[in-house]
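Asker: sequence-free structure coming up:
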Ligand code: MV4
């Protein structure tokens, strides 16, 4: 087995990888920027090396510095986590050139899936359903108009190099096409240095469901079922679950088989995720793209399958066979993840950096919190402001929701604003509870919330009016009566405190 692994990342995922390494008796090497001198991953690793200034491109993206650090520390493998260098094929080649093992797929597989157009071609070739659309970039507005007309509106324009909704435009009518095309192309050029844009038929209110796949270097490919990821804000996932509320054994098997076909087509190695859009009407599904990394939301799959995905990644990268067969994978119970961010939900989710002055983490049965901070730690402005992934696990979805409510109530963060209050509201939301999840969920949730707040204001006003009337009446009575001597017992005060000593 590897003796020492360098983790080319920070935050919760660096801590997650260090934990797996420790269980496997593998030494760990952290790297850190100026902003992360006191970060949790630095404290947890066996060794830590300074690699540069706070901005990512001066530290966590400096592949030459990272490879040099791996050599200096004697690491025999590099785990990239997610983000940063995790899907950079050139980095993988440089790592391999130094006889260091990159924990992940080959650079060829990464490149094949890196472009959406290339990924669509591979999926079609493999016999996997893709969203109806083109497999060539648009050459002109005329070209776009003909193609869009042939699929019928609404259509989606998507940048081939795109991700995170960048370079993506929904087009409802031909009148909007010209502006949308120009906007998508210029956004794609600015973000990715590649103006290739293609057309897909727009699926109305789809679910976003992904399949976890795993492959070893011996040609074994398996799937670990789905994750429901429909709840997104600005193309960032906020809540994920396993299983999907619309899951059934047949759909899971069919989607899983398709995901494995895609993995086979690129000789995939390691952990990967195949994303699909799913229509609620007939449960038809369409390949969207493949992510060639470990994903943020991997813990919900781990909780339901009880397979440690990071341990498996390390084993497979070392050349071992998968530790399980497809038949041995079984799914039990229900897991939900909330991504806790240092953002202010009452202020349009503005980042809320600063020192965490108080941190109380939820504990107890069925709770897993993958965090990257501690009480006293500083959340900086330089990186993604996710501070932890709160996951719960229970027998059923309904019990998992109860447990998530309880865990969210225990979770206290002081000094910075977090998205915890937002999750507390979602866990009470009727559509969430009913499992009616699709890409329009957050928008509808916000509308329901606004409507509810309006009716609350009306109730408050009615309450004020009746209180004033009551006060008038009391005053008239007290004019010829003596004031009673009211004593509030200590028991009554204690009864008005919640379990953490705070007044209601
Ligand atoms: C789509 C779509 C509808 N039709 N593609 C792709 C990347 C993801 N961030 C958003 N994507 C979408 N692609 C077609 N052909 C709708 C979305 C979409 C979406 C998907 C999942 C969760 C939330 C979403 C919010 C807006 C749009």
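Answerer: Perfect, I can see it now. Since we're looking at a predicted model, the values are computed, not measured.
Asker: in which helix or strand would I find residue 388?
Answerer: Assessed by DSSP states H and E, residue 388 sits inside strand 386-394.
Asker: contacts for that strand?
Answerer: Strand 386-394 has contacts (C-beta atoms under 8 Å, 6 or more residues apart in numbering) with 11-12, 296-297, 299-300, 303-304, 333-342, 356, 361-362, 366-373, 379, 400, 402-404, 407-408, 411, 413, 418, 423. C-beta here means a position set from N, CA and C on the backbone, and glycine is covered the same way.
Asker: can you tell me if the helix ranked longest in the chain touches the ligand.
Answerer: As assigned by DSSP state H, the longest helix anywhere in the chain is helix 441-478. No - Helix 441-478 lies out of reach of the ligand by C-beta under 6 Å from any ligand atom, never closer than 8.0 Å.
Asker: Just list what that helix packs against, helices and strands only.
Answerer: With contacts defined as 3 or more C-beta pairs under 8 Å, 6 or more residues apart in numbering; DSSP states H and E, helix 441-478 has these neighbours: strand 221-233, helix 430-434.
Asker: quick one: that helix to strand 221-233, angle?
Answerer: With axes from the mean of the first three to the mean of the last three C-alpha atoms, to 10 degrees applied, the angle from helix 441-478 to strand 221-233 works out at 40 degrees.
Asker: Go through helix 441-478 and flag the buried ones.
Answerer: 441-442, 445 (16 or more other C-beta atoms under 10 Å).
Asker: Throw the residues you listed into TSV and include pLDDT, thanks.
Answerer: Formatted as TSV, the buried residues of helix 441-478 follow (pLDDT from 0 to 100):
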residue	pLDDT
441	95
442	94
445	95
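Asker: What score does the residue lying closest to residue 242 once chain neighbours are set aside have for pLDDT?
Answerer: Excluding its sequence neighbours, the residue lying closest to residue 242 (C-beta to C-beta, 6 or more residues apart in numbering) is residue 300, at 4.1 Å. Turning to residue 300, the model gives it a pLDDT of 98.
Asker: So residue 300: helix, strand or coil?
Answerer: What DSSP: H, G, I helix; E, B strand; the rest coil gives for residue 300 is helix.
Asker: Please name the residues that touch it.
Answerer: 227, 240-242, 335-337, 391.
Asker: Closest to the ligand out of those residues?
Answerer: Distance to the ligand, by C-beta to the nearest ligand atom, is smallest for residue 240 among the contacts of residue 300, at 11.2 Å.
Asker: in the helix or strand where that closest one lies, what counts as buried?
Answerer: Assessed by DSSP H and E, residue 240 sits inside strand 236-242. For strand 236-242, a neighbour-count test (16+ other C-beta under 10 Å) marks 237-242 as buried.
Asker: Give the bridge partners for the residue of the stretch 201-350 of the chain found nearest the ligand, please.
Answerer: With C-beta to the nearest ligand atom, the shortest gap between the stretch 201-350 of the chain and the ligand falls at residue 208, namely 3.4 Å. Taking DSSP bridges as the rule, residue 208 bridges to residue 277.
Asker: where does residue 14 land in three-state SS?
Answerer: On the three-state scheme (three-state DSSP), residue 14 is labelled helix.
Asker: wait, doesn't it sit right on residue 7?
Answerer: Yes - taking C-beta atoms under 8 Å as the definition, residue 14 is a contact partner of residue 7 at 4.8 Å.
Asker: Relative to the ligand, how far out is residue 399?
Answerer: With distances taken as C-beta to the nearest ligand atom, to the nearest Å, residue 399 is found 26 Å from the ligand.
Asker: shift numbering so it begins at 53
Answerer: Noted, 53 is the first residue going forward, which turns the last one into residue 451.
Asker: Wasn't that residue part of a helix?
Answerer: Yes - Residue 451: assigned to a helix according to three-state DSSP.
Asker: wouldn't residue 64 be in contact with residue 426 here?
Answerer: No - Residue 64 is not in contact with residue 426 according to C-beta under 8 Å; the separation is 11.6 Å.
Asker: neighbour count winner among the two?
Answerer: Taking neighbours as other C-beta atoms under 10 Å, residue 64 and residue 426 compare with residue 64 leading, 24 against 13.
Asker: Am I right that residue 208 sits in a strand?
Answerer: Yes - Residue 208 forms part of a strand when assessed by three-state DSSP.
Asker: Now for it, how many residues are close by?
Answerer: Residues lying near residue 208 (other C-beta under 10 Å) number 20.
Asker: Beta-bridge partners for it, please?
Answerer: Once the bridges are assigned, which here means DSSP bridges, residue 208 pairs with residue 222, residue 252.
Asker: quick one, what contacts it?
Answerer: Shown in contact with residue 208 (C-beta under 8 Å, 6+ apart): 183, 185, 220-223, 251-254.
Asker: Serialize those residues to CSV and add fields for distance to the ligand.
Answerer: Below are those laid out as CSV (distance: C-beta to the nearest ligand atom, whole Å):
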residue, distance to the ligand
183, 4
185, 7
220, 6
221, 11
222, 7
223, 11
251, 9
252, 4
253, 6
254, 4
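Asker: doesn't residue 252 make contact with residue 206?
Answerer: No - if you go by C-beta under 8 Å, residue 206 and residue 252 don't touch, sitting 10.2 Å apart.
Asker: So between these two, which is more surrounded?
Answerer: Neighbours were counted for residue 206 and for residue 252 using other C-beta under 10 Å; residue 252 has more, 21 against 15.
Asker: Kindly state the pLDDT recorded for that one?
Answerer: pLDDT recorded at residue 252 is 95.
Asker: Repeat that for the one 3 residues further on.
Answerer: Among the per-residue scores, residue 255 shows a pLDDT of 93.
Asker: Pull up the gap between the residue of the stretch 253-402 of the chain closest to the ligand and residue 329, please.
Answerer: 6 Å (C-beta to C-beta, to the nearest Å).
Asker: Run through the helices of the stretch 353-502 of the chain in chain order.
Answerer: Here the stretch 353-502 of the chain has its helices, by DSSP state H, counting those that start in this stretch, at 361-369, 449-462, 472-478, 482-486, 493-530.
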